[in-house]
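A.B. asks: After the sequence you'll find the predicted model.
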Amino acid sequence: MSLAISSRVGTGPARPGAVSGAAERAGTVAALRERIRGMQRTELESQPLPTLPVLGDLLPGGALRAGGLYAVPDAPVLAMALAAGPSLAGSWSAVVDLPTFGLEAAERVGINLERLVVVPDPGANWLEVVAALADVVTVIITGPAPHLSTSDRARLAARLHQRAAMLVTLGTWPGSDAELRSGAGNWGGIGAGFGYLGARELRVEATDRAGRLRRASLTLAESGGLIAAERPGIRAVPKPERRLAGVG
Amino acid sequence: MSERVLALWLPDWAVLTAAEDAEISLEAPVALTARGEVFAANAVARALGVRRGLRIREAQERSAEAVFLPYREDVDHRRFEPLIRILEGIVPSIQQVRPGLCLVPGRGPARYYGSEVLAADALTAALREAGVIPAGSAVRIGAADGVFAAQHAAYRAVPVPVPVPVPVPAPSPAPIADAILVIPPGQSARFLAPMPVTTLGEPELARVLARLGVHRLGELAALPVASVRDRFGAAGEQAHRIAAGEDPRRVRPRIPPAELAVEREFDPPLERADQAAFGFRASADRFLAGLAEHALVVSAVRIEIIGDRGGRSARSWLHPRHLDAGDVVDRVRWQLQGSGAIEAALSEPVALIRVIPETLAAMSTQEPGLWGGGPDTRVHNGLTRLQGMVGHDGVLTARIGAGREPRERQSLVPWGERDPRTDPAGPWPGSLPGAPPQTVLAEPLPVRVIDAAGESVSITDRDVLSAPPHRLVIPPLPRIAPGGVDSTVRAWAGPWPVITGTTAERVDRFQLVDERGHGWLVRRDHTEWWAEARYD
């Protein structure tokens, strides 16, 4: 899997090197915004967790947060991608209350099945099971959470924060760090009666706690891996110039 | 001169006990399989041409109605163990060659009982009395000089024909009678002489001997021993001595193992799982203490629970490392309550609980290294605790399974159990191209695929679609598509025929893309459409 990841980095945005004027300005603005946010931060500093590079543009702070809560209501592949970062770095992950979780797809995105625990049916003990798992694993992917009281949610969030774990729910979660949705995108390789489902374009929109919207266009490759889309113009920072500068 | 040996053989032991455990009648053809080949077959199956060494496919061709069971060596040994114990009660030393065949030194018992025949009768009577001989088998005893000759005497022992009243009831297989064949001292060479050299069980040697024109053991025995040794070395010399009735091997009696299993009777029988588990606590401590005395740890146990009304439940429990007393009690409780709640009443009161160690290891191999070892202790402890909450089968580890269907490739094994090693890589002809689906439905879901005219799409005899799919209608599916799907088909591909299962049923698979951009894997059997999986 590590090979696949390094190739993904290669096709992703090039390292900031010689940057053209417009891009530099955008970068400066982003850096200043980040500093302002850092000063305004009211909660304790959280450790960032390893994150797939393609998701950086979608997450507040550019990375997953230890103790973070992420909601992915409609696209299991994004939940898998969120979990893949820590899993690739050697952390344990767990899948709770999701009997339909596609294991092979998860492995292709980058989840290490050797370090994956599955609890398909926690029954009435959803909260207890998730809390117990938080002691053990770094990433918990769950189905839509059952109805929980506000204090239960707060307690769970505190537990996750204390254990430096994160939760990805395939539903909604009030006050989540980010809610990722995938819009309709085109499939490659399939037509009216020919071909097969190949690569797919995913237009992902992420809403953070403050309601800010981030967009990214990703490609779910035919191999099952997630890579940045090769389409200039959709991304906030124009990529071709960067690339040329990096190469030349 | 080799020693006198009694060989005790139970024909068809493995297959008969396996059939008895599976509650298959004696008249049904049954075969055991191991590594893709038939390992053993009962008399009915043999009459149909199913023989040891046949490939399963070929055996199935010869007898379609035969029942094929996997051969489990551990079960086989476990089933044979009581017989050995009974025999050990009569004669001091026993060597088990394999389940179903064991050896006893002949001199002692013969002197005690008066003759070899009387000694053999005593052994047979003891086994018959204990009722451990499976129906359809019998005790065959051979007495001869040396291990090899005794074994073959047992194989050839036939009951003295008893006059049978005419007419004989034809359909039921005649019960096999016990028999003994005694080869008098010094006669083993003559007894063995007509047997082919392949009987020695050394195919390499037998091939060369056959090329040299030596086909029978008698011919081998007639060769000068020095020449055989020069040509074939030590193995050849041993074969020569066996053929000459001077088998150098002696019976190597086993050392009876220490009694490690622990059982606890409850009188009066207990009604509740938690009571019974608690009642077993002290016995579990005793079990672990007994193991510790021998410097052993146990990583697999078999728990047998016998109910008041004779109900029996037995299963093996594995552990990723080794069990402590608490783990044993947990497993007793899990087995008692099944998937029920802790305080649920049992279907019948528990009269006896027995714990038998299945896999033992020396304690020294299990000590954690200086820097720890094995799976992450913290993870292990956490997940064990979780198993206490949701049950043993509730916490699973994942693997890619073997198969071409997405559902077959989802393989989940309880935490701590050994996973069946399969080969997911394939080749799996007919497996789906492209990325695997992110959502794999646990059960296929009936759906409707409609053409532009509103008719259900079907496949004609010529493998052509009646019309292109136009609409896809999926009923509400909690969590995945709560509102259901009713959308036009934006793109589709298929049909891809697959022949599956033993019935060779044909299904056709399709991929459809709905309006929201979700890809669906659907299949059509002869009448209906089913959704199998969804692609994000």
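C.D. replies: It's in. Fair warning: this is a prediction, and the values are worked out from it, not measured in the lab.

A.B. asks: List of residues touching stretch B:195-202?
C.D. replies: For stretch B:195-202, the external contacting residues (CB atoms under 8 Å, 6 or more residues apart in numbering or on different chains) are B:148, B:152, B:205-206, B:209-210, B:214-217, B:220, B:235, B:239, B:242-243. Every residue, glycine included, has its C-beta placed from N, CA and C.

A.B. asks: got the buried residues for the helix or strand hosting B:Leu16?
C.D. replies: Assigned by DSSP states H and E, B:Leu16 belongs to helix B:13-21. In terms of neighbour count (16 or more other CB atoms under 10 Å in any protein chain shown), helix B:13-21 has its buried residues at B:Trp13, B:Ala14, B:Val15, B:Leu16, B:Thr17, B:Ala18, B:Ala19, B:Glu20.

A.B. asks: what about A:Leu218, helix or strand, and which?
C.D. replies: Secondary structure (DSSP H and E) places A:Leu218 in strand A:213-220.

A.B. asks: and the gap between the residue nearest the centre of chain A and chain B?
C.D. replies: In chain A, the C-alpha closest to the average C-alpha coordinate belongs to A:Leu82, at a distance of 3.2 Å (CA atoms, centre = their mean). Noted for A:Leu82: a distance of 13 Å to chain B, by CB to the nearest CB, to the nearest Å.

A.B. asks: mind checking the SS state of that residue?
C.D. replies: Applying DSSP: H, G, I helix; E, B strand; the rest coil to A:Leu82 yields a three-state assignment of helix.

A.B. asks: Looking at it now. What's its pLDDT?
C.D. replies: With respect to pLDDT, A:Leu82 has a value of 94.

A.B. asks: what do you get for B:Arg321?
C.D. replies: 72.

A.B. asks: Phi, psi for it please.
C.D. replies: phi -120, psi -100 (degrees, to the nearest 10).

A.B. asks: Which residue would you name as the spatial centre of chain B?
C.D. replies: B:Arg72 (2.4 Å).

A.B. asks: Might you report the residue contacts of that residue?
C.D. replies: B:Ala18.

A.B. asks: List phi and psi for the closest residue to the residue nearest to the centre of chain A other than its chain neighbours.
C.D. replies: By the measure of CB to CB, 6 or more residues apart in numbering or on different chains, the closest residue to A:Leu82 outside its immediate chain neighbours is A:Val168, 5.1 Å from it. For A:Val168, the backbone dihedrals (degrees, to the nearest 10) come out as phi -120, psi 120.

A.B. asks: got it, and B:Leu200?
C.D. replies: According to degrees, to the nearest 10, B:Leu200 has phi -70, psi -20.

A.B. asks: same thing with A:Leu127?
C.D. replies: Per-residue torsions, A:Leu127: phi -70, psi -40 (degrees, to the nearest 10).

A.B. asks: before we move on, what about the one 3 residues further on?
C.D. replies: Here is the backbone geometry of A:Val130 (degrees, to the nearest 10): phi -60, psi -40.

A.B. asks: residues contacting it?
C.D. replies: A:Val96, A:Pro122, A:Ile140, A:Thr142, A:Leu156, A:Leu167.

A.B. asks: and what of B:Leu270?
C.D. replies: B:Leu270 touches B:Ala276, B:Gly279, B:Pro349, B:Val350, counting by CB under 8 Å, 6+ apart.

A.B. asks: Against B:Leu16, how distant is the closest residue to chain A within the stretch 1-150 of chain B?
C.D. replies: Relative to chain A, the nearest point of the stretch 1-150 of chain B is B:Pro70 (25.6 Å; CB to the nearest CB). Distance of B:Pro70 to B:Leu16, given as CB to CB, to the nearest Å: 16 Å.

A.B. asks: Kindly report the same for B:Val182.
C.D. replies: 26 Å.

A.B. asks: now A:Ile36
C.D. replies: On the measure of CB to CB, A:Ile36 and B:Leu16 end up 82 Å apart.

A.B. asks: same check, this time on A:Val139
C.D. replies: The value you get for A:Val139 to B:Leu16, if CB to CB is used, is 52 Å.

A.B. asks: returning to what we had before: could you report the distance from the residue nearest to the centre of chain A to B:Thr397?
C.D. replies: 21 Å.

A.B. asks: try A:Ala157
C.D. replies: Distance from A:Ala157 to B:Thr397, by CB to CB: 28 Å.

A.B. asks: got it, and A:Trp187?
C.D. replies: 33 Å.

A.B. asks: Neighbour count for those two, which is higher?
C.D. replies: A:Trp187 (24 against 20; other CB atoms under 10 Å in any protein chain shown).

A.B. asks: Dig out what that one forms beta bridges with.
C.D. replies: Note on A:Trp187: beta-bridge partners by DSSP bridges are A:Arg200.

A.B. asks: residue contacts, it?
C.D. replies: Neighbours of A:Trp187 in contact, by CB under 8 Å, 6+ apart: A:Leu197, A:Gly198, A:Ala199, A:Arg200, A:Glu201, B:Ala491, B:Val513, B:Gly517, B:Gly519.

A.B. asks: Can you check my assumption that the second one lies in a strand?
C.D. replies: Right, A:Gly198. No. Assigned with three-state DSSP, A:Gly198 falls outside any strand and is coil.

A.B. asks: Just to check, it is in contact with A:Ile190?
C.D. replies: Yes. Counting by CB atoms under 8 Å, A:Gly198 does reach A:Ile190; the two are 6.7 Å apart.

A.B. asks: higher neighbour count, those two?
C.D. replies: Neighbours per residue (other CB under 10 Å) separate A:Gly198 from A:Ile190, with A:Ile190 holding more: 23 against 15.

A.B. asks: Next one: the more buried one from B:Ile499, what distance?
C.D. replies: With CB to CB as the criterion, A:Ile190 and B:Ile499 are 24 Å apart.

A.B. asks: same check, this time on B:Tyr155
C.D. replies: With CB to CB as the criterion, B:Tyr155 and B:Ile499 are 44 Å apart.

A.B. asks: Torsion angles phi and psi at the residue nearest to the centre of chain B?
C.D. replies: Here B:Arg72 shows phi and psi, under degrees, to the nearest 10, equal to phi -120, psi 110.
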